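*Asks:* Predicted structure and sequence below. I'll ask about it afterward.
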Amino acid sequence: MRRLVSSTTKTLLHRSIQKQAVAQHGGSRPFTYKPVVGEKESMASAADDLFDHIVCDAGWFNIAGVIQSRELSWADIVNLQAILAEKAKTAPEEVQCNCLPGDQTC
């Protein structure tokens with residue numbers, strides 16, 4: 001089991017280095033690793049990736065669900081309202097479907 005954990009950790013670190021999310025320091029073992037990407041930037045990128053893979057109408061359903069399921073402060077709500085008001089100025093009548101061809105379920 002110890003070898004599996006070690007291998008999994010090495011794989012995770014190697015992939016993180018390839019994605020330039022982590023930097024390896026030192027010329028020989030033991031290496032040290034430091035984050036290259038900040039937590040906020042990483043979380044924003046993960047959220048963008050997630051919503052890029054959600055199709056049309058399901059995107060709104062998921063955004064609304066997240067908002068409804070979280071406790072928001074008054075300031076959070078005011079901030080969201082300001083963002084939505086600004087987006088409304090240039091919003092299209094309908095968002096183009098991004099379903100796979102022949103699989104439009106929206």
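*Replies:* Received it, and whenever you're ready, just let me know what you need. Numbering: from 1, shown residues only.

*Asks:* Over to the residue positioned nearest the centre of the chain. Which of the three states is it?
*Replies:* For the chain, the residue whose C-alpha lies nearest the mean C-alpha position (C-alpha atoms, centre = their mean) is A46; its distance is 1.6 Å. The three-state assignment at A46 reads helix, by DSSP: H, G, I helix; E, B strand; the rest coil.

*Asks:* Which strands and helices lie in contact with the host helix or strand of D49?
*Replies:* With secondary structure defined by DSSP states H and E, D49 is part of helix 39-52. Secondary structure elements in contact with helix 39-52, counted by 3 or more C-beta pairs under 8 Å, 6 or more residues apart in numbering; DSSP states H and E, are helix 56-69. All C-beta spots, glycine's among them, are computed from the backbone N, C-alpha and C.

*Asks:* which is the next helix or strand following the helix it packs on?
*Replies:* Read in the C-terminal direction, the helix or strand following helix 56-69 is helix 74-88, with elements assigned using DSSP H and E.

*Asks:* Any buried residues in that following helix, and which?
*Replies:* When burial is assessed from 16 or more other C-beta atoms under 10 Å, helix 74-88 yields no buried residues.

*Asks:* what does stretch 6-16 give?
*Replies:* The neighbour-count criterion (16+ other C-beta under 10 Å) identifies S16 as the buried residues of stretch 6-16.

*Asks:* how far does it sit from the chain's center?
*Replies:* Centroid separation for stretch 6-16 versus its chain: 21 Å, with C-alpha atoms, centre = their mean, to the nearest Å.
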